[in-house]
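Q: below is the sequence, then the predicted model.
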Amino acid sequence: MRWKRIILISTIALLLIVGTIFLLYKESSTIINSNSLNPFSSEARKINKISLPRYSESSKEICSNGKCNLILYSGVRFVSEDNTWKPIEKARSLKNSSIRCVVKKATKNDPDVSCLDYNTTSITFEVLNKSQDYPIKVYDSKKTFIKSGDLALRTDTQKRIDYELGDKVHVGENSTTIFLQDADSQNLDDTYIYEGSKTINFGSDTEMNALNRSASNKNILIKFNISSIPQGSIYDDVTLGLYLYVNGLDTGKSFNLSSHHIYSNFTWDESSIDWNSRPLNADYNSQYTDLVNFNSTTPINTFYEWNVTDILRNETSSTNVSFYLIPQDVIGTLTTFNVVRFRTKEWVNASTRPYLNITYSSAPITDTCTPPLSGSWNVTCSDNCKIANATTINGGLNLDSSAGTLTINNTLNLIGGRINKQNSASCKIIINNAQGGKINIR
């Protein structure tokens with residue numbers, strides 16, 4: 001029996017040793033190699049400083065290693081629901097968004113109506129003080145009749161109607177009208193001007209037209225709000241996107257549509273601009289930043305983009321930027337029908353409105369006591385820096401030869417790097433353990 005106990009004890013000891021080795025291996029394997037991770041996983045975010053997307057109702061931004069991509073949309077594109085941001089098309093309700101349900105009465109005798117709830121596919125409303133049957137008719141954005149219904153006397157006071165953005169619901173004979181109205185957006189103004197109607201304003205139109213023809217020229221103006229971008233940022237890449245839905249060019253005819261910078265000292269808005277008040281030569285840069293060619297075979301129902309990076313780089317205003325699109329380089333003799341048409345922010349379908357896609361980098365760091373967003377940290381020792389907050393560096397800590405002290409009062413994590421000192425005597429590192437100071441090198 002004694003030898004059996006010896007075997008049992010030996011087996012238990014062996015298992016304990018194996019288990020300990022496994023745990024140590026497991027712990028050591030948790031050191032993360034960011035190159036092997038999904039770049040948007042939670043662990044990779046910690047290392048590469050990739051932020052979760054930041055949303056507003058009309059923008060989306062994501063940053064990584066000091067570089068950010070920001071898309072500014074025209075109108076409400078996202079809504080916060082169930083503690084998360086969703087595209088408006090996937091939201092159960094838009095009642096708490098900036099999209100409003102508008103009720104308008106044609107006459108004082110028309111029924112009083114209240115919006116109860118709504119989304120991109122339906123509207124639920126209630127008729128107040130109901131005393132009779134009311135016919136219901138739905139029209140689309142082109143005022144084409146779609147469908148009808150009714151509210152029966154005493155049996156119905158509420159009604160849910162299938163609906164698409166841009167439709168209008170009419171209740172009653174003279175009709176109370178119900179429709180959804182989008183909010184102002186990052187796209188502040190967009191319109192076109194027409195040489196053939198010099199005093200006519202087209203600011204409320206759902207389309208922007210471009211044409212190069214003697215006495216019938218049509219140019220496009222667009223303005224975006226850029227105040228959310230940190231001042232001093234470096235613009236790496238910026239594109240302006242417009243959705244082409246009509247191509248009126250005949251076979252053998254074409255032109256280029258060029259993008260220009262309207263200077264900030266030229267003030268305009270879509271509700272008043274016309275051909276007579278258009279930007280003149282001193283109001284915009286005649287040198288274009290990009291050209292997009294349009295001809296008879298150019299596909300419709302898709303976006304086209306202009307590189308406008310230099311426009312953002314040269315913009316002196318920190319609040320908005322304006323673009324001027326001018327048709328040029330015409331091939332063939334164009335008629336007034338040879339026009340290309342793009343959607344504006346007034347168009348009902350938010351997914352086809354103009355956008356501005358901006359990739360920018362953080363402003364250069366001039367204070368060596370501020371850790372970089374990525375890469376090694378180069379510290380001037382004479383700055384006498386103090387690390388007060390937990391800090392992670394995806395690289396090494398490089399100290400110059402100047403005399404001074406780096407005081408560490410919190411955790412400093414160095415991932416994939418080490419401490420490099422040019423002069424160990426003149427530059428000192430003080431680790432204040434009493435306040436939680438320590439260095440982890442991985």
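A: Thanks, I have it.
Q: just the pLDDT for Asn389.
A: pLDDT recorded at Asn389 is 86.
Q: wait, it sits on Asn410?
A: Yes. With contact defined as CB atoms under 8 Å, Asn389 reaches Asn410; the gap is 5.6 Å. All C-beta atoms are positioned from the backbone trio N, CA, C, and that covers glycine.
Q: the two: which is more packed in?
A: Set side by side, Asn389 and Asn410 show more neighbours around Asn410, with 15 against 9, by other CB atoms under 10 Å.
Q: contacting residues for that one?
A: Contacts for Asn410 (CB atoms under 8 Å, 6 or more residues apart in numbering) come out as 387-391, 435-437.
Q: that one and Thr392, how far apart?
A: Distance, Asn410 to Thr392, by CB to CB, to the nearest Å: 11 Å.
Q: now Glu270
A: Taking CB to CB, one finds Glu270 at 47 Å from Thr392.
Q: same drill for those two, tell me which one is more crowded.
A: Comparing Glu270 with Thr392 by other CB under 10 Å, the one with more neighbours is Glu270, at 23 against 15.
Q: can you verify the more buried one is assigned to a strand?
A: No. Counting by DSSP: H, G, I helix; E, B strand; the rest coil, Glu270 is not found in a strand; it is coil.
Q: how close does it sit to Asp189?
A: For Glu270, the distance to Asp189 - CB to CB - is 4 Å.
Q: common neighbours of the two, please.
A: Common neighbours of Glu270 and Asp189 are listed as 203, 221, 223 (criterion: CB under 8 Å, 6+ apart).
Q: which of these lies closest to Leu325?
A: Comparing the shared contacts of Glu270 and Asp189 against Leu325 with CB to CB places Leu221 closest, at 7.7 Å.
Q: surely that closest one is in contact with Ile326?
A: No. Look at Leu221 against Ile326 with CB under 8 Å: they stay out of range, at 10.1 Å.
Q: looking at these two, which one has more neighbours?
A: Leu221 (23 against 20).
Q: could you pull up the residues touching the more buried one?
A: So Leu221 contacts 189-193, 262, 268, 270, 273, 279, 322-325 (CB under 8 Å, 6+ apart).
Q: what's the closest of the contacts of Asn410 to His170?
A: Distance to His170, by CB to CB, is smallest for Asn389 among the contacts of Asn410, at 60.2 Å.
Q: give me the distance between that closest one and Ser74.
A: Between Asn389 and Ser74 the computed distance is 39 Å (CB to CB).
Q: same check, this time on Leu334
A: To Ser74, Leu334 is 28 Å away according to CB to CB.
Q: which of those two has more neighbours?
A: Ser74 (29 against 21).
Q: list the contacts for the more buried one?
A: By CB under 8 Å, 6+ apart, the residues touching Ser74 are 58, 185-187, 190, 344-345, 350, 353-355.
Q: just the ones of those in strands?
A: 187, 190, 355 (DSSP state E).
Q: and stretch 183-192, how far out from the chain middle?
A: Distance, stretch centre to chain centre, for stretch 183-192: 15 Å (CA atoms, centre = their mean, to the nearest Å).
Q: and for stretch 84-95?
A: On CA atoms, centre = their mean, the centre of stretch 84-95 falls 16 Å from that of its chain.
Q: just the CA coordinates of it, formatted as CSV?
A: In CSV, the C-alpha atoms belonging to stretch 84-95 read as follows (Å, rounded to 0.1, in the frame of the first residue of the first chain):
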residue,chain,number,x,y,z
THR,A,84,-26.0,53.0,-29.3
TRP,A,85,-25.9,55.0,-32.5
LYS,A,86,-27.8,53.6,-35.5
PRO,A,87,-28.4,54.7,-39.1
ILE,A,88,-31.8,56.3,-39.2
GLU,A,89,-33.1,53.5,-41.5
LYS,A,90,-32.6,51.0,-38.7
ALA,A,91,-34.1,53.1,-35.9
ARG,A,92,-37.5,52.0,-34.5
SER,A,93,-38.3,55.7,-33.7
LEU,A,94,-37.1,59.1,-34.8
LYS,A,95,-39.2,60.9,-32.3
